[in-house]
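1. pasted the sequence and its predicted model underneath.
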2 protein chains.
Amino acid sequence: MRIYLDCIPCFIRQSLEAARHATDDERVHEQVIRGVLDLSKDLDMRQSPPVIGQQIHRLIRERVGMNDPYHGVKQRFNDMALKLYSPMRHIIIESEDPLETAVRLAIAGNIIDFGVKSELKETELEETINQCLSGTLSGGQIGAFRHALNAADEILYLADNAGEIVFDRLLIEQLPIDKITVAVKGSPVINDATMEDAVHAGLPKIVTVIDNGSDAPGTILPSCSRSFREYFNKADLVIAKGQGNYETLSDVNKNIFFLLKAKCPVIARDIGCMIGDMVLQKTNACKGEEQNARI
Amino acid sequence: MRIYLDCIPCFIRQSLEAARHATDDERVHEQVIRGVLDLSKDLDMRQSPPVIGQQIHRLIRERVGMNDPYHGVKQRFNDMALKLYSPMRHIIIESEDPLETAVRLAIAGNIIDFGVKSELKETELEETINQCLSGTLSGGQIGAFRHALNAADEILYLADNAGEIVFDRLLIEQLPIDKITVAVKGSPVINDATMEDAVHAGLPKIVTVIDNGSDAPGTILPSCSRSFREYFNKADLVIAKGQGNYETLSDVNKNIFFLLKAKCPVIARDIGCMIGDMVLQKTNACKGEEQNARI
């Protein structure tokens, strides 16, 4: 998905929120805003929004002098999600269709997104879980997803955020686990999950976990490590969580299912759904398995 | 009031809305956004927000090739307000305190503000009128306002927007009319009232109306004509309508009463009120009548 003009005021607002999250120093806030304005004015609009997101958060970390301003927040959301792990697992196992229930919960976990919303209360998370268990799953592609899982030999699961990764574990436990590799970010950006969060969620005990070598808030393939790209190329099914992965992979010719909660009007319009929708959607960019993208 | 960092994403968003209002040509929208980003990156934050607002709307008019993109909207809101003129006048005359009722209605009219909100329905305007007739008047300075009106010899009334100017007429009719001069903008900017709107509202039939010689969405004194500044200097009371006039005059040492509906969180914080509040407030910058600002 390319950058739309509506993304630009949102970049600036998010940058200010992120800078304020990282430090109370107003001079730094101003430096960040001016830096982002300077980055934005010559923006190549054909890029995906996380390309500028990556640059913005590098700038913030550099100006603030911190490698991981969201470290505390990520721990808090991992802990919050881990408290819910057992009751959610119980809901899945007891449900009529454990796969669909796990998909719904994995999407619910995508509400934990500091790129979109810088504050989230435990009650909001619980409300979202309840909504996602009963609401409509936009796209109605659960059958196609089930078929794709059975047909695939190697599945790459692209995680999104810390906290959310506990919800991903619940879904991964319902998938053909021997086929799965989970990828997290190579280094911190916003509240995106890194290897530390995967370990916190207990994922490496049940599945292979790799990192993508990148600090982009999405999956910008040229920004990822060669080793990650090999996994990506080999996989015959990719499960991509969250808006950042949708934005960066929606035009890639690969067999991808996107799982996300649509939180931004621009992305909702691009997908063709409403804000707040739970989305499980097969990519429109796939030209068939024979022509899978090679990077 | 100076520019706050929160104003910057809002400038960008407003510019995009204004560009979209003026033309469907997406290339022009992009040119406007890039131009505004370029203006913003070297911004002097000590200026008031309408200083950049003036530059942004000049840029939009230049790129779009239209002198008055809001002309149709202004006519529509003048007509909408004129339909309400007689019933509102009746409410004022029949009320226990016609001056206070007229102040409340003049503030209600300030909801017509395309700088803040690019769409407004007739029903929203009517709801705002009802809220303003019964709600709390923030600041509680109606007594001080009444006293200032009696004490003044020359009163300058700074109008704000088209449509709203009909509501201003209702208030002006309750003031000591021989002391009053009304000032409108010198040329079009957003939906700010110009002489054409004052005529549409029937103001020149009852009071002296001048223009301020400026195209700023507020009253930037150095940007106004010498003739306007003479009126400003001579006045011993200024009644300033709307957020733009508050932003540009809140630090000017002059006997000013601000009348507005607080629609923006930054301005509300600066005033010390809540968003949505009706504000009638004497300036804090006034150092006494003997030291009135001379420009």
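-> Sure thing, it's come through. Treat the numbers as computed from the prediction; the structure is a model and nothing was measured.
2. so does stretch A:36-56 get close to chain B?
-> Yes. Judged by Cβ under 8 Å from any Cβ of the partner chain, stretch A:36-56 comes into contact with chain B at A:37-38, A:40-42, A:45. Every C-beta, even on glycine, is put in place using the N, C-alpha and C of the backbone.
3. distance between the ends of that stretch?
-> 6 Å (Cα to Cα, to the nearest Å).
4. buried sites along it?
-> Within stretch A:36-56, the residues that count as buried by 16 or more other Cβ atoms under 10 Å in any protein chain shown are A:36-37, A:39-41, A:43, A:48-56.
5. the one residue in the stretch 51-200 of chain A that gets nearest to chain B: helix or strand, and which one exactly?
-> Going by Cβ to the nearest Cβ, chain B is nearest to residue A:52 of the stretch 51-200 of chain A, at 12.0 Å. Using DSSP states H and E, residue A:52 falls within helix A:49-64.
6. what's the answer for residue A:153, then?
-> With DSSP H and E as the criterion, the answer for residue A:153 is that it lies in no helix or strand.
7. quick check: it touching residue A:236?
-> Yes. Using Cβ atoms under 8 Å, residue A:153 makes contact with residue A:236 at a distance of 5.7 Å.
8. quick one, which of the two is more surrounded?
-> residue A:236 (16 against 10; other Cβ atoms under 10 Å in any protein chain shown).
9. leaving out chain neighbours, which residue sits closest to that one?
-> Excluding its sequence neighbours, the residue lying closest to residue A:236 (Cβ to Cβ, 6 or more residues apart in numbering or on different chains) is residue A:152, at 4.9 Å.
10. before we move on, what about residue A:76?
-> Per Cβ to Cβ, 6+ apart, closest to residue A:76 is residue A:163, 7.9 Å.
11. could you give the backbone dihedrals for the one you found?
-> phi 80, psi -60 (degrees, to the nearest 10).
12. you'd agree it is up against residue A:200?
-> No. The criterion here is Cβ under 8 Å, and residue A:163 misses it with residue A:200 at 9.4 Å.
13. overlap of the contact sets of these two?
-> Jointly contacting residue A:163 and residue A:200 under the rule Cβ atoms under 8 Å, 6 or more residues apart in numbering or on different chains are residue A:78.
14. so between these two, which is more surrounded?
-> residue A:163 (30 against 21).
15. one step back: mind giving me the packing neighbours of the helix holding residue A:52?
-> helix A:7-22, helix A:26-41, helix A:242-249 (3 or more Cβ pairs under 8 Å, 6 or more residues apart in numbering or on different chains; DSSP states H and E).
16. what does it contact?
-> Contacts of helix A:49-64 (Cβ under 8 Å, 6+ apart): A:1, A:3, A:7, A:11, A:14-15, A:18-19, A:22-23, A:28, A:31-32, A:35-36, A:39-40, A:43, A:67-69, A:115, A:188-190, A:214-218, A:220, A:223, A:244, A:247-248.
17. what's the answer for stretch A:86-104, then?
-> Contacts for stretch A:86-104 (Cβ under 8 Å, 6+ apart): A:105, A:129, A:132-133, A:137, A:142, A:145-146, A:149, A:167, A:170-171, A:173-175, A:259, A:278, A:280.
18. just the buried subset of those, please.
-> A:105, A:129, A:132, A:137, A:145, A:149, A:167, A:170-171, A:173-175, A:259, A:278, A:280.
19. quick one: strands adjacent to the lowest-mean-pLDDT helix or strand in chain A?
-> Lowest on mean pLDDT, DSSP states H and E among the helices and strands of chain A sits strand A:137-138, with a mean of 78. Strand A:137-138 has the following sheet partners, assigned by DSSP bridges: strand A:278-282 (parallel).
20. mean confidence score for the strand it pairs with?
-> With pLDDT averaged residue by residue, strand A:278-282 scores 94.
21. now do that strand: distance to the chain's middle.
-> Distance of strand A:278-282 from its chain centroid, counting by Cα atoms, centre = their mean, to the nearest Å, is 13 Å.
22. quick one, that strand and helix A:242-249 angle?
-> On the basis of axes from the mean of the first three to the mean of the last three Cα atoms, to 10 degrees, strand A:278-282 is oriented at 30 degrees to helix A:242-249.
23. and the residue nearest to residue A:236, what does it touch?
-> Taking Cβ under 8 Å, 6+ apart as the test, what residue A:152 contacts is A:176, A:179, A:235-237, A:255.
24. just the strands in chain A please.
-> Secondary structure of chain A (DSSP state E): strands located at A:137-138, A:155-158, A:180-184, A:208-211, A:237-241, A:256-261, A:278-282.
25. direction included, what does the fifth one pair up with?
-> Each strand paired with strand A:237-241, and its direction, by DSSP bridges: strand A:155-158 (parallel), strand A:256-261 (parallel).
26. so which of the contacts of stretch A:86-104 are in helices?
-> Using DSSP state H, A:105, A:129, A:132-133, A:142, A:145-146, A:149, A:167, A:170-171 are the members of the contacts of stretch A:86-104 that sit in helices.
27. any low-confidence regions in chain A?
-> Applying pLDDT under 70 to chain A flags residues A:115-118, A:139, A:287-295.
28. again, only this time at 90
-> Filtered on pLDDT under 90, chain A yields the residue ranges A:41-42, A:112-128, A:130-131, A:134-141, A:284-295.
29. rewinding a little: out of the contacts of residue A:152, who has the most neighbours?
-> residue A:235 (24 neighbours).
30. ok, what's across the strand from the residue nearest to it when sequence neighbours are not counted?
-> Closest residue to residue A:235 apart from its sequence neighbours, by Cβ to Cβ, 6+ apart: residue A:156 at 3.8 Å. Listed beta-bridge partners, residue A:156: residue A:181, residue A:238 (assigned using DSSP bridges).
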